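**Student:** Give the three-dimensional model of this entry:
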Amino acid sequence: MTIINKQILLISRPEGAASAANFRLREVAVPELQDGQVLVRQHYLSLDPYMRGRMNDAKSYAQPQALNEVMGGGTAGEIAASRHPKFKVGEAVVGMGGWQQYSVLDAAQSGMLRKVDVQRIPLSAYLGVVGMPGVTAWYGLVRICEPKAGATVVVSAASGAVGSAVGQLAKVRGCRAVGIAGGADKCRYVVDELGFDACVDYKAHADSKALYQALKEVTPEGVDGYFENVGGRVLDAVLPRMNAFGRIALCGMISGYNGAPIPLTQPQLILQSRLRVEGFIVSEHMEDWPPALKELGDLVASGKLKYRETVAQGIEAAPQAFLGLLEGRNFGKQLVKLI
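**Tutor:** Okay, here's the model as predicted:
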C-alpha cells in the first residue's frame with residue numbers, strides 16, 4: 001500500500017522577518033526502502049531558534065537550508081519499516097527527520113538516528129530537556145560558566161527549552177539562579193514551578209538602564225555566570241552586573257535573527273571585568289553528550305528537572321508555530337505533534 005507523506009519545504013529566503021510565505025506544503029509517496037534504510041513515522045517535530053539562521057543564504061556555523069527541499073529539524077517517532085538489522089518495527093527513535101510525517105533514513109549514518117527509552121522518559125522530552133536543548137544548557141553552564149556552589153547564575157529566555165534547564169541545573173549545583181523572561185506569567189513559572197530564586201520581566205522595563213536596575217535588585221552579589229540566549233539590551237543590562245573574572249556562555253542572539261544589527265553599548269566592560277566570553281555550538285562537542293544526557297535523563301525520570309511544552313497539532317501548523325517561537329509566543333519547548 002502506498003503511503004502518502006506530507007512535507008514542509010523552504011521555498012524562499014526571508015527578507016527581514018520570516019513569514020509563512022517562505023514555506024510550502026507538499027504531498028509525495030514514500031519510496032521503497034533500500035538495504036540499510038529505515039522508515040520512521042514521526043510523532044513529534046522539534047522547532048528551534050537556530051532554524052531561522054539556516055533559512056538565510058549566508059555564512060554561518062551551519063549550512064544554509066536548501067530551497068525546495070524538506071526543512072531540516074529534529075524528530076521523534078517509531079520505526080514503521082526496517083531494512084537494517086539493528087532497528088526493529090515499533091522501536092522508539094529520535095533523529096533528524098525534518099519537517100515531514102515520514103522519514104526514510106540511512107540507519108548507519110552517524111548522528112541520524114538513536115533508540116530511546118520511553119518507559120522512563122516521555123518521547124517528546126527527547127527533543128527538549130533530554131535532547132539537544134538540554135545538552136546545550138548543560139554544556140554552556142557546566143563547561144563554560146563552570147558554576148560553583150554559592151555563585152550567581154543568570155540566564156536569558158529563562159522560560160524556554162534551554163533557559164529553563166540552565167537555571168535548574170545551576171540550582172542542582174548549589175547556585176543562585178536568576179532568570180530573565182518576557183512577561184509576568186513566564187516569570188511566575190520560572191520562580192514558582194522551576195525553582196529559580198528570582199526572575200526579571202524584561203518587557204516591564206523600557207530600556208537597558210531600567211532593566212539593569214531591576215537585575216541589580218535580585219543580584220546583590222553580582223553575576224558570576226551568564227547564559228546568553230537573546231543579546232541586545234538584555235546583554236547590555238547584564239554586562240555591568242558581571243563580577244570580575246565572570247563567565248558568559250553565548251548560546252543565541254535571538255534579538256538579531258531577522259537580520260537587524262545587535263550593537264553592544266559597553267564592550268569595554270569585557271576588558272575591565274576580565275570576562276571570559278565564549279560562543280559555542282553544542283554539535284561540536286559530541287564527547288559531552290553522554291554525561292549530559294545521563295544527568296538530564298536521571299533528573300527528569302526522578303521528577304527533579306521540570307519542563308513545559310507548547311504543542312501545535314499537525315504538520316500544516318509547523319510554519320506558524322515556528323514564527324510564533326521566533327516572537328516568543330511559546331511557553332517552554334515548541335513541538336509539533338504529527339499523529
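
**Student:** Outline the domain layout of this protein.
**Tutor:** With domains defined by automatic domain parsing, the chain comprises 4-127+308-337, 132-283.

**Student:** among these, which is the most enclosed?
**Tutor:** domain 132-283 (a mean of 20; mean count of other CB atoms under 10 Å). In short, each C-beta sits where N, CA and C put it, glycine included.

**Student:** What's the end-to-end length of that domain?
**Tutor:** End-to-end distance of domain 132-283: 8 Å, with CA to CA, to the nearest Å as the criterion.

**Student:** before we move on, what about stretch 308-324?
**Tutor:** Note: stretch 308-324 ends 16 Å apart using CA to CA.

**Student:** Listing request: residues of this protein with sub-threshold pLDDT.
**Tutor:** Scanning the chain with the threshold set as pLDDT under 70 gives 59-61, 257-259.

**Student:** Go again with 90.
**Tutor:** The model of the chain has pLDDT under 90 over residues 1-2, 15-16, 49-50, 53, 57-63, 107-112, 206-208, 252-263, 327-332.

**Student:** can I get the domains of the chain in JSON lines with distance to residue 301?
**Tutor:** Converted to JSON lines, those look like this (distance: least, CB to CB, whole Å):
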{"stretch": "domain 4-127+308-337", "distance to residue 301": "4"}
{"stretch": "domain 132-283", "distance to residue 301": "13"}
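
**Student:** who wins for proximity to residue 300 among the ones you listed?
**Tutor:** domain 4-127+308-337 (5.5 Å; CB to CB).

**Student:** Alpha carbons only: can I get stretch 162-179 in CSV?
**Tutor:** Output of stretch 162-179 as CSV, limited to C-alpha atoms (Å, rounded to 0.1, in the frame of the first residue of the first chain):
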residue,chain,number,x,y,z
VAL,A,162,17.3,25.8,27.0
GLY,A,163,17.0,28.6,29.6
SER,A,164,14.6,26.6,31.9
ALA,A,165,17.2,23.8,32.1
VAL,A,166,20.1,26.1,32.7
GLY,A,167,18.6,27.5,35.9
GLN,A,168,17.5,24.2,37.3
LEU,A,169,20.9,22.6,36.6
ALA,A,170,22.5,25.6,38.4
LYS,A,171,20.3,25.0,41.4
VAL,A,172,21.4,21.4,41.5
ARG,A,173,24.9,22.7,41.8
GLY,A,174,24.1,25.0,44.7
CYS,A,175,24.0,28.2,42.8
ARG,A,176,21.6,31.2,43.0
ALA,A,177,19.6,31.1,39.7
VAL,A,178,18.1,34.3,38.3
GLY,A,179,16.1,34.3,35.0
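
**Student:** Could you pull up the contacting residues of the residue lying closest to residue 136 once chain neighbours are set aside?
**Tutor:** Leaving aside its chain neighbours, residue 136 sits nearest to residue 282 (4.5 Å; criterion: CB to CB, 6 or more residues apart in numbering). Residue 282 is in contact with 132, 135-136, 139, counting by CB atoms under 8 Å, 6 or more residues apart in numbering.

**Student:** Mind putting those residues into JSON lines with distance to residue 118 and secondary structure?
**Tutor:** Shown next, in JSON lines, are these (distance: CB to CB, whole Å; DSSP: H, G, I helix; E, B strand; the rest coil):
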{"residue": "132", "distance to residue 118": "18", "secondary structure": "helix"}
{"residue": "135", "distance to residue 118": "19", "secondary structure": "helix"}
{"residue": "136", "distance to residue 118": "22", "secondary structure": "helix"}
{"residue": "139", "distance to residue 118": "25", "secondary structure": "helix"}
